[in-house]
Structures are given as C-alpha cells and as structure tokens.
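Q: dropping a prediction and its sequence here:
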Amino acid sequence: MKNKTLFGVLFLSLVFLTAAFLILLEKPTGNLKGIILNEFNQPIAHASVGIDAYPINKKTYTNDKGEFSFDLVPIAKYYVNVNAKGYESKYLSDQVQVDEGQTKILPQIILKEKLPFVN
C-alpha cells in the first residue's frame, strides 16, 4: 500500500513537472492582420503577403476581400512585403511589432498598378 502511494505521488509530480517545463518552452505569440487594396479602394485577391524577422519567414495570400492574417506568430518586429500580379510590389519601411496575445491590425496597404512596358 505504501509503495502504491509513493508511486502515485512520484507519477503525479512527474506529470506536473513535465507540464510546467512544456509551458516554459512555449514561445509567446500574437496575430497580424490587414487588407490589401488597389488605388480605387478595391480589394486585391490572391496577393502574396510575407513577413520576415530573422530567422522567422512566413507567407500567406489574401482572400477575395483582400484580407490576410498571420495567426500565432512568435512575438517580434516584422518586415512586411506585398506582391500581386499586375501591381508594383510594396515593402513597408517600418517594422511591425507583434505583441504577446495581441492582434496587430495594419492600416490598409494600397498597391499601385504597374505601368505598361513601352519600347
């Protein structure tokens, strides 16, 4: 009986210590959202949106409403770049801070149409 109780206490202690260790290893995260529009305030679907904070590099695409979202990204200051077919690429010059447990909503990002190439 005494051995079973001791085993139970040791087992529960091991479970709690493992859980505490895993919680300490978990990196804090946040979210980043925004919308991509053209010069006429129309959404740009399927635009590529990338975020970069070395060594983290992620990419997603806008939906039909021009919206994009990065969920549960590690907290950091990210560079943001946007590309869409027929539009000039846009690179945000200021880094965007993603904070723990928060959703950072970027101001609207406007892309200009590419001018036709003339020979």
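A: On my side now, so go ahead.

Q: for the lengthiest strand in the chain, what is the average pLDDT?
A: Of all the elements of type strand in the chain, the one with the most residues (DSSP state E) is strand 29-38. Mean pLDDT, taken over the full extent of strand 29-38, equals 97.

Q: apart from its neighbours in sequence, what residue is nearest the spatially most central residue of the chain?
A: In the chain, the centroid-proximal residue (Cα atoms, centre = their mean) is residue 70; its distance is 3.1 Å. Counting by Cβ to Cβ, 6 or more residues apart in numbering, residue 70 lies nearest to residue 32, which is 4.3 Å off, once chain neighbours are set aside. All C-beta spots, glycine's among them, are computed from the backbone N, C-alpha and C.

Q: OK, contacts around that neighbour?
A: Shown in contact with residue 32 (Cβ atoms under 8 Å, 6 or more residues apart in numbering): 51, 69, 70, 73, 78, 96, 98, 103, 104, 106.

Q: walking through the chain, point out its helices one by one.
A: With DSSP state H as the criterion, the chain has helices at 2-25.

Q: sketch out the low-pLDDT regions of it for me.
A: 1-4, 6-13, 15-26, 118-119 (pLDDT under 70).

Q: hang on, the earlier thing: list the buried residues in the longest strand of the chain.
A: Judged by neighbour count using 16 or more other Cβ atoms under 10 Å, the buried positions of strand 29-38 are 29, 30, 31, 32, 34, 35, 36, 37, 38.

Q: need the CA coordinates for stretch 28-43. CSV is fine.
A: Only the C-alpha atoms of stretch 28-43 are listed here, as CSV (Å, rounded to 0.1, in the frame of the first residue of the first chain):
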residue,chain,number,x,y,z
PRO,A,28,4.7,33.7,-26.7
THR,A,29,2.7,34.5,-29.9
GLY,A,30,0.4,37.2,-31.4
ASN,A,31,-1.5,37.8,-34.6
LEU,A,32,-1.1,40.1,-37.5
LYS,A,33,-3.9,41.1,-39.9
GLY,A,34,-4.5,43.5,-42.7
ILE,A,35,-6.1,44.3,-46.0
ILE,A,36,-4.6,44.9,-49.5
LEU,A,37,-6.4,47.4,-51.8
ASN,A,38,-5.7,48.9,-55.2
GLU,A,39,-5.7,52.7,-55.9
PHE,A,40,-9.5,52.6,-56.3
ASN,A,41,-10.0,51.0,-52.8
GLN,A,42,-10.9,47.7,-54.4
PRO,A,43,-9.6,44.6,-52.7
